[in-house]
Structures are given as C-alpha cells and as structure tokens.
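**Student:** A predicted structure for the sequence below; I have some questions about it.
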Amino acid sequence: MSVQWPSLVALVVLTAVVGLVWRGRQGRLRRHDGAAAGDASAVWAADLAALGALPGARATFLQFSAPVCAPCRATARVLGALSAGEPGVAHVEVDVETHLDLALRAGVLRTPTVLVLDAAGAEVARASGAMTPAQARAALAAVTPIDQPSGRNA
C-alpha cells in the first residue's frame, strides 16, 4: 500500500487553514442592522426586566453562556471588568440551559455569544467566541457616539 504524499500534505494544509480561519473569527464583532429583528429594543428591554437585570444607561453586554464553557467564563471576566470600569455599562450573563427559549429567539448557535445592546435595548452588534479586552472595548465603541470626547488633547 503506497502513501499518497500530495494528498496527505494537502489535507494538513487545509486543516491548518481552517483552524486559522476559525481562530480568527473568535470574538469578532459583527454589526447588527436591526432589519431582521423588528422592534428589538422593546423585546430585549422586556427580557432584561424578566431576568431581573438592569440595563446599562449607555450599553449592555447580554452574554449567553453555558455552565461547562471555559471561554464563557473568560468572556464573563473580561466583560465584567469592562462594565465595572465604565459608567453606564452593564453586563448580564444568561445561562442557555435555563433560558433556552431566549437563546433560541436570539439566534444563539454557540457559547459564548454576546449581544451588544444600546441604551434603548436595541441590538447593535454581536460576537461569538471568547472575547479579548480589546474586542470588548471595540464592541462598546459600537454603541458609543463617535462625537464623544475621548479625554485626549488634540
């Protein structure tokens, strides 16, 4: 039986490319146009209230997690630290096992999934996979008006 080296090499290269693409998509922020969600602000505001969670005056990170998900715990630490250090920003973590109906309605296909909500509760962006602090700050910037002062001198 002969080994077909070109096929084996091609398989290894393809596997490496797929792995790099998958890794690059982790925590990447996708903007939400709101067209498919209808009146999302009313829906998410009601859901946050039903969960007993207070939305942020500026933004809310609505994180869908599973108890056995290590990236979920890492993302929760990142978003918790960011929301603690930023005024008007809230972090709400939802267990997908306990709130499966909410996860399905949100279109959650994997955990963690983070919905970035504006002050009205409308979805502005979402990310799937573990988020780094830089990705979390970029997600917050998606809801922060661009004309806000940055605190730096020009």
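**Tutor:** Alright, I've got the coordinates.

**Student:** can you find the helix or strand in the protein with the smallest mean pLDDT?
**Tutor:** In the chain, the helix or strand scored least confidently by mean pLDDT, DSSP states H and E is strand 29-31, which has a mean of 59.

**Student:** can I get the helix or strand encompassing Ala138 as PDB, trimmed to CA atoms?
**Tutor:** Using DSSP states H and E, Ala138 sits in helix 133-141. Output of helix 133-141 as PDB, limited to C-alpha atoms (Å, rounded to 0.1, in the frame of the first residue of the first chain):
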ATOM      1  CA  PRO A 133     -10.400  43.100  26.300                       C
ATOM      2  CA  ALA A 134      -9.600  44.900  23.000                       C
ATOM      3  CA  GLN A 135     -12.600  43.200  21.300                       C
ATOM      4  CA  ALA A 136     -14.800  44.100  24.300                       C
ATOM      5  CA  ARG A 137     -13.800  47.800  24.000                       C
ATOM      6  CA  ALA A 138     -14.400  47.700  20.300                       C
ATOM      7  CA  ALA A 139     -17.900  46.300  21.000                       C
ATOM      8  CA  LEU A 140     -18.500  49.200  23.400                       C
ATOM      9  CA  ALA A 141     -17.300  51.700  20.800                       C
END
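
**Student:** what are the buried residues along it?
**Tutor:** Judged by neighbour count (16 or more other Cβ atoms under 10 Å), helix 133-141 contains these buried residues: 135-136, 138-140. C-beta coordinates here come from the backbone N, C-alpha and C atoms, glycine included.
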